[in-house]
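Asks: Structural data only, the sequence is not supplied:
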């Protein structure tokens, strides 16, 4: 999963909301996602008011500590270390903290995408801006973020192939859901996978949109509620390369083939056992009590009747004097088969 650090001011006009569609500081202990990317930071809790314009005037961390600028610095550095890229917003030339974050990200070799407000005088900012891979001048931060998505070097890592959609459908099938694509392209696949790993509110919205557009249908009428309850583990959140997807597909097909072969072997074995039992029953003269379908319809009453018949005396009218009188050992196969049926094997 690609992680992006959002460098920039923390003030009353919280610009990250415009980009992400949610306030990341409301979910400090959660993994947050937007458009297929994971939010890397900054992960700090801040008290903001119209009077308090800067984050370093009054800072509350998630552990309750107050106004510890050294801790703020270390946390931001740690978050940048965990990131793959930086998306930075500069709304005036005095954002020294943001410029420091850009330079630190440059030292770590990260991809840097800088958005600058047209009102900013950039003559004195030329040095840190040289560290950026892309510099965009606009006040429309959301539009700039879309530009980042479309042109970032991480785009190939986020591409969804048909094989990955197939693997996702297998993941859903584990929860007894079957994904049926009507018109299912890579963009829609990316939206669906993003929905499955996003916040619950984003998930609700995305699922409703897919269902209303009839791009994806679910056979199970309870599918929407079931997917909302799904928790995909971090190992299943990764997006596979085509080569990895092909390996997993072949592995799945091999396991499926082995399971089918084992099921067929088990079926043949059971049929042979039932045929042998039917032969034994015919051989000892119980045709009047059983039929060809004994293996499927045996009951305890029938079993007791068969045993009673096997113990019949020589002078019975059913057996003449030349018939053999069968002993208890003759019913052992029948008893064993009946016990298997009762135990559900």
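Replies: Yep, that arrived. Given the structure is predicted, the values throughout are model-derived calculations rather than measurements. Numbers count the residues shown, from 1 in each chain.

Asks: Report the mean per-residue pLDDT for the longest helix seen in the chain.
Replies: Of all the segments of type helix in the chain, defined by DSSP state H, the longest one is helix 242-283. Helix 242-283 comes out with an average pLDDT of 73.

Asks: domains of this protein?
Replies: As assigned by automatic domain parsing, the chain contains the domains 3-154, 159-240, 271-343.

Asks: and for the helix or strand containing residue 39, what are the contacting residues?
Replies: Using DSSP states H and E, residue 39 falls within strand 37-41. Outside strand 37-41, the residues that touch it by Cβ atoms under 8 Å, 6 or more residues apart in numbering are 1-6, 20, 24, 31-33, 75-76, 78-80, 82-84, 149, 154, 158. In this view, the C-beta of every residue, glycine as well, is placed from N, C-alpha and C.

Asks: and these, which are buried?
Replies: Listed as buried from the contacts of strand 37-41 are 2-6, 20, 24, 32-33, 75-76, 79-80, 83-84, 154, 158; burial here means 16 or more other Cβ atoms under 10 Å.

Asks: So which of these sit within helices?
Replies: Short answer: the buried ones among the contacts of strand 37-41 in helices (DSSP H) are 20, 75-76, 79-80, 158.

Asks: Just put the residues you listed in CSV and tack on distance to residue 269 and pLDDT.
Replies: Shown next, in CSV, are these (distance: Cβ to Cβ, whole Å; pLDDT from 0 to 100):
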residue, distance to residue 269, pLDDT
20, 58, 80
75, 63, 86
76, 65, 90
79, 59, 92
80, 62, 94
158, 49, 60
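
Asks: Tell me which two in those are the farthest apart.
Replies: Farthest-apart pair in those is 75 and 158; separation 27.1 Å (Cβ to Cβ).

Asks: Can you pull out the low-pLDDT segments for the stretch 1-150 of the chain?
Replies: 11-13, 25-30, 44-68 (pLDDT under 70).

Asks: which residues in it form strands?
Replies: Applying DSSP state E, counting those that start in this stretch to the stretch 1-150 of the chain gives strands spanning 3-7, 33-34, 37-41, 85-90, 111-116, 134-137.
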